[in-house]
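Q: this is the structure alone, sequence omitted:
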């Protein structure tokens, strides 16, 4: 049987994730596997927790990678904090807000949603008005809406919740490592992310952090978490001092994430954010010169996820296929109501380099010129 | 900051998993990441499904790796098939049977259990008697009990269920790739495994297969699966012809599993099983010569997971620590009622080699001589 892995070509990953992976991270994935209770591996786990805290700007003890992809982080956050009948408010302006509503509803939450037009941000004043009328156990929002390219005002929403009993749950799958995330300052109680976006590690883990307030809610549950695999009270015993076996940690993926975080912290968060911003501006200027229009108004644009309108005369799917086959570049299409109307161009982590922007713009000029 | 990954030493992994990983699998993990909807990656996924079917001896369409470790396979099997109040029978003779009871109970199942002494197998006659008295929606058992080293009579239990409406759920985490697993012939409806045992791939994925009968049960649910991340009807749309995005697949782990399966199929299943058996017999003979007694009676022993009684005069934990620090060999201790009383010696996949057995026996002779 032919080994298909030998035919894998390097593709410039400029879609909504996974992003390009630095060579050191590929090497890390292939380091020798250690046991999940090996003393040396336990030290690697401890350092990894410290690096995640630095990138999330949190002091939370429970700051760990969940053994699943970014969506497992969403599932873990809700399943540990929601009990049947709990009132939950989801702020929706894209696919991942819709997904939050679905996840919470399946767990028996009593879900309210405030919906905002896709491509525009959540408006804190609207949220504040609702919070004066109603009380919720959880308010949840996506920081960087990967489906639209919009940055939501996470800090402002957090300030509306300060001093209340409400838990604040934030999806930072696409933002973490690309723009500032200040978990403690912004009053976030449950935060999750994914490895395959601005952290530049292949998909497979979901960094997650719970505040003391979230841990207290978990400990005070009336019912057991209806998901043994993602029960954070059990997982915390493995990642904490007790080292109680729960499930076998994905050792080599943890090596990869360790290396990816080390690279980011060695470059320095400020420099990393500036690099994302500069390359975003370069890309937008290039689009502008080609007469392409951005979906999102300037103040709300994400640097790492650029949504651009596909001109009416262009077949958006054919162009993407051609980019992949002839130029070995991947970009994304639109989801839901934006399908067929936009392209999503990722500048995440290791992809956020001048060479990536120039290679894409050059290819687009040839294909659309 | 010092990069701890550079200090990782190769350890001979002879515990209850993870097992040793062949060099080709380490290389596969570091292949260039492709997008989770990339046309070439989709072809790799299709071939992977075919290889999983060959190792499981099934024709089931839904035969895929779940994006989580082995325990995520257990969670996925139960959460998709159990609805609140469903009568479930769990056959328990070790930690992983106990875990099944916990997982099913948290999902609202009405769980009965038949418990057998740890270290002895499930007795089909006892199960048959119960099945004449009671009707269950699901009967579940662990094929290879990793906590005790016992092989359960999965085929015999399956024959008791043939022709009934009951679904048969089997854990093959430790057995798959080390002893024969015949999913279709044995009437298994839901089967899951892990990558880090006899498949010799690092932990991180859970191969899983559902029969048509299990899929019909899933489609006929009165309630939505209370776990969006593991909803197999959604996951099947991604792994099937529709390719509907659900979550971002763990691309590089899938490369690793692809390579690991290819190695097994190229060696040939019969040869792989014989190699496990030969090295098991070599190990048992060595233990015998040292006066060490096996926990499990000969007919029920697993070749890949050998449980041996720790002599009263030996400190079992000190010996394990010494093996790790001075000989770079990992073996496992006992769990639950067997803690402190036994060692668990894995001969799984790439670990099942004469050199492993000889290196361990030589070290033990020095430490206990």
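A: Great, that's in hand. A quick note: this is a predicted structure, and the numbers were derived from the prediction, not measured.

Q: relative to chain B, which residue of the stretch 251-369 of chain A is the closest?
A: residue A:252 (4.1 Å; Cβ to the nearest Cβ). (C-beta placed from N, C-alpha, C; glycine too.)

Q: can you classify residue A:102 by secondary structure?
A: When classified by DSSP: H, G, I helix; E, B strand; the rest coil, residue A:102 comes out as helix.

Q: which of the helices or strands spans residue A:331?
A: Using DSSP states H and E, residue A:331 maps to strand A:329-333.

Q: with residue A:141 instead?
A: strand A:138-142.

Q: helices and strands around that strand, which ones?
A: When contacts are defined as 3 or more Cβ pairs under 8 Å, 6 or more residues apart in numbering or on different chains; DSSP states H and E, strand A:138-142 packs onto helix A:70-81, strand A:87-92, helix A:95-106, helix A:154-161, strand A:167-171.

Q: show residues contacting the fourth one.
A: Just to be clear, that refers to helix A:154-161. For helix A:154-161, contacts defined as Cβ atoms under 8 Å, 6 or more residues apart in numbering or on different chains pick out A:91, A:122, A:124, A:127-128, A:131, A:139, A:141, A:143, A:168, A:170, A:182, A:185-188.

Q: try it again with 6 Å
A: A:124, A:127, A:128, A:131, A:141, A:143, A:168, A:170, A:186, A:187 (Cβ atoms under 6 Å, 6 or more residues apart in numbering or on different chains).

Q: surely the first one touches residue A:152?
A: No: applying Cβ atoms under 6 Å, one finds residue A:124 not in contact with residue A:152, separated by 9.3 Å.

Q: out of the two, which sits in the more crowded spot?
A: residue A:152 (27 against 19; other Cβ atoms under 10 Å in any protein chain shown).

Q: now that one, nearest residue through space, not along the chain?
A: Excluding its sequence neighbours, the residue lying closest to residue A:152 (Cβ to Cβ, 6 or more residues apart in numbering or on different chains) is residue A:122, at 4.7 Å.

Q: tell me the contacts of that neighbour?
A: Neighbouring residues of residue A:122 by Cβ under 6 Å, 6+ apart: A:91, A:93, A:116, A:152.

Q: pLDDT score for it?
A: Note on residue A:122: pLDDT of 98.

Q: now the one 5 residues further on
A: pLDDT recorded at residue A:127 is 98.

Q: element containing it?
A: With DSSP H and E as criterion, residue A:127 is part of helix A:124-133.

Q: can you tell me what sits against the longest helix along chain A?
A: In chain A, with assignment by DSSP state H, the single longest helix is helix A:269-289. Residues outside helix A:269-289 that contact it (Cβ under 6 Å, 6+ apart) are A:178, A:179, A:264, A:303, A:304, A:306, A:308, A:347, A:352, A:357, A:361.

Q: can you do 7 Å?
A: Outside helix A:269-289, the residues that touch it by Cβ atoms under 7 Å, 6 or more residues apart in numbering or on different chains are A:55, A:177-180, A:264, A:294, A:303-304, A:306, A:308, A:345, A:347, A:352-354, A:357, A:361.

Q: quick check on those residues: which are buried?
A: A:55, A:177-179, A:264, A:294, A:303-304, A:306, A:308, A:345, A:347, A:352-353, A:357, A:361 (16 or more other Cβ atoms under 10 Å in any protein chain shown).

Q: now residue A:207: which helix or strand?
A: For residue A:207, the element it lies in under DSSP H and E is strand A:206-210.

Q: how far off centre is that strand?
A: Distance of strand A:206-210 from its chain centroid, counting by Cα atoms, centre = their mean, to the nearest Å, is 11 Å.

Q: show me what the helix or strand following that strand is packed against.
A: In the C-terminal direction, the helix or strand that comes right after strand A:206-210 (DSSP H and E) is helix A:212-219. Judged by 3 or more Cβ pairs under 7 Å, 6 or more residues apart in numbering or on different chains; DSSP states H and E, helix A:212-219 is in contact with helix A:70-81, strand A:167-171.

Q: before we move on, the earlier item: now check the strand holding residue A:207, is it near chain B?
A: No: Strand A:206-210 does not reach chain B (Cβ under 7 Å from any Cβ of the partner chain); its nearest approach is 9.7 Å.

Q: in a markdown table, list the helices and strands packed on helix A:212-219 along with distance to residue B:204 and mean neighbour count.
A: Shown next, in a markdown table, are the helices and strands packed on helix A:212-219 (distance: least, Cβ to Cβ, whole Å; neighbours: other Cβ atoms under 10 Å in any protein chain shown):
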| stretch | distance to residue B:204 | mean neighbour count |
| --- | --- | --- |
| helix A:70-81 | 12 | 27 |
| strand A:167-171 | 22 | 26 |
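
Q: and chain B, which of the ones you listed is closest to it?
A: Closest among those, using Cβ to the nearest Cβ: helix A:70-81, at 4.0 Å.

Q: what's in contact with that closest one?
A: A:66, A:99-100, A:103-104, A:107, A:138, A:167, A:169, A:171, A:173, A:190, A:192-194, A:206, A:208, A:214, A:217-218, A:225-227, A:230, A:232, B:68, B:227-229, B:247-248.

Q: just the mean pLDDT for that helix, thanks.
A: 98.

Q: what of stretch A:290-301?
A: Across stretch A:290-301, the average pLDDT comes to 98.

Q: show me what counts as buried in it.
A: A:292, A:294, A:295, A:296, A:300, A:301.

Q: what is the most widely separated pair among those residues?
A: A:292 and A:300 (17.9 Å; Cβ to Cβ).

Q: neighbouring strands of the strand holding residue A:207 in the sheet, and parallel or not?
A: Sheet pairing of strand A:206-210 (DSSP bridges) gives strand A:63-66 (antiparallel), strand A:190-192 (antiparallel).

Q: show me what counts as buried in that strand.
A: Across strand A:206-210, burial judged by 16+ other Cβ under 10 Å covers A:206, A:207, A:208, A:209, A:210.

Q: mind giving me the domain ranges of chain A?
A: Taking automatic domain parsing as the reference, chain A has its domains at A:4-18+A:269-368, A:23-265.

Q: so for residue B:62, which of these sits nearest?
A: The nearest among those, by Cβ to Cβ, is domain A:23-265 at 18.9 Å.

Q: now the contacts of residue A:122 as CSV including pLDDT?
A: Shown next, in CSV, are the contacts of residue A:122 (pLDDT from 0 to 100):
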residue, pLDDT
A:91, 98
A:93, 98
A:116, 98
A:152, 98
